[in-house]
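> sequence and predicted structure below; questions after.
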Amino acid sequence: MQFSATDAAFEGFRVTRRHPGAVLAWALVMLAANMLSGLAVGLLAGPAWGQFEALSALTPPDPVATAQLMPKVAPAAVASMLIQVVAAGVVNASVLRALLRPERQARLRLGRDEGRVIGLLLMFFLATIAATAALSVLLTLLGLALGAVVVAAIVATRSTEGVVRS
């Protein structure tokens, strides 16, 4: 079997033609997840979420004010993320079943396959957080080291200027 970029590009249209009801159901599940996430954020964080977004838009963001809002917004962020991961896991597993078994009716369910996809999505999410934290620490250390080198170069240049002038 040879890979065809054209077939891959148009597979979504074929799935939609074969399973229009399933595509509608997938869209409705994601719409419900988005609405539920918004409700969770509103109930758990309230106006603190808007304040957090406004702080995030500042350049540079205020770390003290951001840290003060974290206890209010973190539970909302976690709840929203979990809602989205579960919905995406269910929809993704259903889409994969529709692609791998086009002769069968596509349907939504919550079984072992969905559990595995949800687990995989959670692992990706945690790996992304870990990689972001590691990269942040690495770049901070690199910035500190380069800053020290620049300061040392400036001090060395100024001290040699005094020697040359004397």
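Alright, I've got the coordinates. The shown structure was predicted, so the numbers you read here are calculated from the model rather than taken from an experiment.
> which parts of the helix or strand harbouring Pro71 are buried?
Element membership for Pro71 (DSSP states H and E) is helix 63-100. By 16 or more other Cβ atoms under 10 Å, the buried positions in helix 63-100 come out as 69, 72-73, 76-77, 79-80, 83-95, 97-98. All C-beta spots, glycine's among them, are computed from the backbone N, C-alpha and C.
> again with stretch 33-44
Across stretch 33-44, burial judged by 16+ other Cβ under 10 Å covers 33, 36-37, 40-41, 44.
> repeat for stretch 6-17
By neighbour count on 16+ other Cβ under 10 Å, the buried set for stretch 6-17 is Val15.
> got the phi and psi for Arg109?
Dihedral angles phi and psi of Arg109 (degrees, to the nearest 10) take the values phi -160, psi 170.
> ok so, going back, tell me the one of the buried residues of stretch 33-44 nearest Arg14?
Of all the buried residues of stretch 33-44, Ala33 has the smallest distance to Arg14: 25.4 Å, by Cβ to Cβ.
> pLDDT weak spots in this structure?
Across the chain, residues meeting the criterion (pLDDT under 70) sit at 161-166.
> please parse it into its domains.
The chain is divided into the following domains under automatic domain parsing: 1-110, 111-166.
> about what we covered before: the helix holding Pro71 - contacts with which helices or strands?
In terms of contacts (3 or more Cβ pairs under 8 Å, 6 or more residues apart in numbering; DSSP states H and E), helix 63-100 is packed against helix 5-18, helix 20-44, helix 47-57, helix 112-165.
> now with 7 Å?
Packing partners of helix 63-100 (3 or more Cβ pairs under 7 Å, 6 or more residues apart in numbering; DSSP states H and E): helix 20-44, helix 47-57, helix 112-165.
> how far does the shortest one sit from its chain's centre?
Looking back up the chat, that one is helix 47-57. 18 Å (Cα atoms, centre = their mean, to the nearest Å).
> quick revisit: so how far is the helix holding Pro71 off the chain centroid?
Between the centre of helix 63-100 and the centre of its chain there are 8 Å (Cα atoms, centre = their mean).
> how much space separates the residue nearest the centre of the chain from Gly119?
By Cα atoms, centre = their mean, the chain has its centre lying nearest to Phe125, at 6.6 Å. From Phe125 over to Gly119 the distance is 11 Å, taken as Cβ to Cβ, to the nearest Å.
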